[in-house]
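Engineer: Turn this into a model:
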Amino acid sequence: MLYRNPSARNYSIPNASPLSSSIRNFHQKFFPSHTQTRLTSLPTIAEELCVAHVFLKNESCRFGLPAFKILGASWAIFSALAEKLKLDLNAYEMDLESFKGRLASMDEEEKVTLYTATDGNHGKAVAHIAKMLSLHAKVFVPEAVSETSRRHIQGEGAEVIIVHADYDETVQRAAKEAAENGGLLIQDTSWPGYEEVPKLIVQGYSTLFSEVADQLADQGISPSLIVVPVGVGSLAHSAVQFYRSGVLSSVSPPSILAVEPHTAACLNTSLHIGKNTPIQTSHTVMAGLNCGTVSHTAWPDLLSGVDLSIIVSDDEVSKAVEDLKVLGVRAGPCGAAPLAALRALPDGVLDPSTVVVLICTEGQI
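Structural biologist: Residues are numbered from 1 along each chain as shown. All right, here's what the predicted structure looks like:
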């Protein structure tokens with residue numbers, strides 16, 4: 001069911017992204033092989049939908065991993081460790097080797113274990129950063145997470161704990177274990193009492209949107225519609241913060257379209273009700289979007305700053321995966337969901353002047 005908020009483009013979050021340039025500098029220094037991901041034009045899709053341009057931000061290879069999640073995980077882990085270990089440093093002044101040196105100087109009993117829950121890519125990102133920093137990571141996964149995803153997380157050196165429950169319960173299990181064992185919880189969703197790390201993760205995602213802004217500006221083009229997949233809503237929250245902060249003061253802010261699986265539409269449901277409302281979810285090929293509760297800190301900005309919200313079926317997404325493959329984009333189901341959403345929009349939403357950016361969040365594993 002399509003949700004519309006006609007006033008969303010007028011929503012303003014002053015100074016919501018004051019650190020975006022510093023965070024982008026951090027990513028450039030922390031990852032020696034850093035390159036920005038591609039923004040690919042899809043003229044055949046633009047022609048199909050009768051719009052001016054369709055671009056795809058391809059996060060299928062971000063710092064060697066097949067998804068965007070490492071942007072948030074790296075910034076959050078860096079910032080949280082810096083605070084926990086009382087390191088007096090600024091992100092844009094610290095590269096990976098320097099930070100590892102600071103960590104190595106700590107006594108063994110001071111070293112922390114990273115904890116997280118995941119339905120796929122976030123856990124792998126946390127595990128990857130832990131390996132880079134020679135830290136131990138415990139990653140909790142719902143039983144529905146595929147064996148392939150579990151192996152990829154284990155391949156990063158993390159301990160994987162299978163929880164016979166859904167995503168929401170798995171998150172609470174990880175939080176409980178971290179608290180009981182003095183670990184550092186790196187979770188990409190929030191609830192009352194656990195807010196700071198999720199805020200850091202949302203900040204970390206701003207690098208993606210900063211890159212999009214520069215890549216379009218290089219072509220003299222301004223976006224009019226950003227299409228973002230939603231699980232708990234942290235990436236969409238980053239989009240709202242970036243585009244509603246006035247950072248693109250020279251152009252009109254784009255509309256933001258959120259897309260979810262029809263079996264896990266926690267944001268769409270909540271927007272229609274007007275209250276953050278947990279739901280029961282069921283299986284979807286979009287495993288990374290199979291979440292039943294919108295992040296606590298994201299909800300107010302999503303309620304006010306998201307223009308459109310739509311749900312899509314597994315069949316629609318599977319077709320989008322195949323169509324993108326023909327165009328040379330190996331997107332996973334979550335990454336292809338924005339194209340499915342674009343095609344599902346009713347008449348009148350798009351017009352011949354529309355410039356669309358699809359945020360392809362993951363590649364094929």
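Engineer: On the pLDDT front, check Glu143 for me.
Structural biologist: Glu143 is assigned a predicted lDDT (pLDDT) of 93.
Engineer: burial count for it?
Structural biologist: By the criterion of other C-beta atoms under 10 Å, Glu143 has 10 neighbours. For every residue, glycine as well, the C-beta is placed using N, CA and C.
Engineer: average pLDDT for stretch 209-224?
Structural biologist: Mean pLDDT, stretch 209-224: 96.
Engineer: end-to-end on that stretch?
Structural biologist: Terminal residues of stretch 209-224 are spaced 14 Å apart (C-alpha to C-alpha, to the nearest Å).
Engineer: go on, stretch 148-164?
Structural biologist: End to end - C-alpha to C-alpha - stretch 148-164 spans 17 Å.
Engineer: Break this structure into its domains for me.
Structural biologist: The record assigns the chain these domain ranges, following automatic domain parsing: 3-68+203-360, 70-202.
Engineer: Point out where the stretch 1-150 of the chain drops to low pLDDT.
Structural biologist: Counting by pLDDT under 70, the stretch 1-150 of the chain shows low-confidence ranges at 15-18, 88-94.
Engineer: so where do the helices sit in it?
Structural biologist: Remark: helices assigned in the stretch 1-150 of the chain by DSSP state H, counting those that start in this stretch are 20-30, 43-49, 70-84, 96-104, 121-132, 147-155.
Engineer: I'd like the ones you listed as a markdown table, with mean neighbour count appended.
Structural biologist: Conversion of the helices of the stretch 1-150 of the chain to a markdown table gives the following (neighbours: other C-beta atoms under 10 Å):
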| stretch | mean neighbour count |
| --- | --- |
| helix 20-30 | 20 |
| helix 43-49 | 15 |
| helix 70-84 | 23 |
| helix 96-104 | 14 |
| helix 121-132 | 26 |
| helix 147-155 | 16 |
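Engineer: out of the ones you listed, which comes closest to Ala236?
Structural biologist: helix 70-84 (12.7 Å; C-beta to C-beta).
Engineer: which other helices and strands contact the closest one?
Structural biologist: helix 20-30, helix 121-132, strand 184-185, helix 196-204 (3 or more C-beta pairs under 8 Å, 6 or more residues apart in numbering; DSSP states H and E).
Engineer: In terms of secondary structure, what does the second one contact?
Structural biologist: Read it as helix 121-132. Partner elements for helix 121-132 (3+ C-beta pairs under 8 Å, 6+ apart): helix 70-84, strand 114-117, strand 137-142, helix 147-155.
Engineer: May I see the buried residues of the third one?
Structural biologist: Within strand 137-142, the residues that qualify as buried by neighbour count (16 or more other C-beta atoms under 10 Å) are 137-142.
Engineer: Helix, strand, or coil at the spatially most central residue of the chain?
Structural biologist: What sits nearest the mean C-alpha location of the chain, by C-alpha atoms, centre = their mean, is Leu235, with 3.7 Å. Of the three states, Leu235 takes helix under DSSP: H, G, I helix; E, B strand; the rest coil.
Engineer: Many thanks, I have nothing further to ask.
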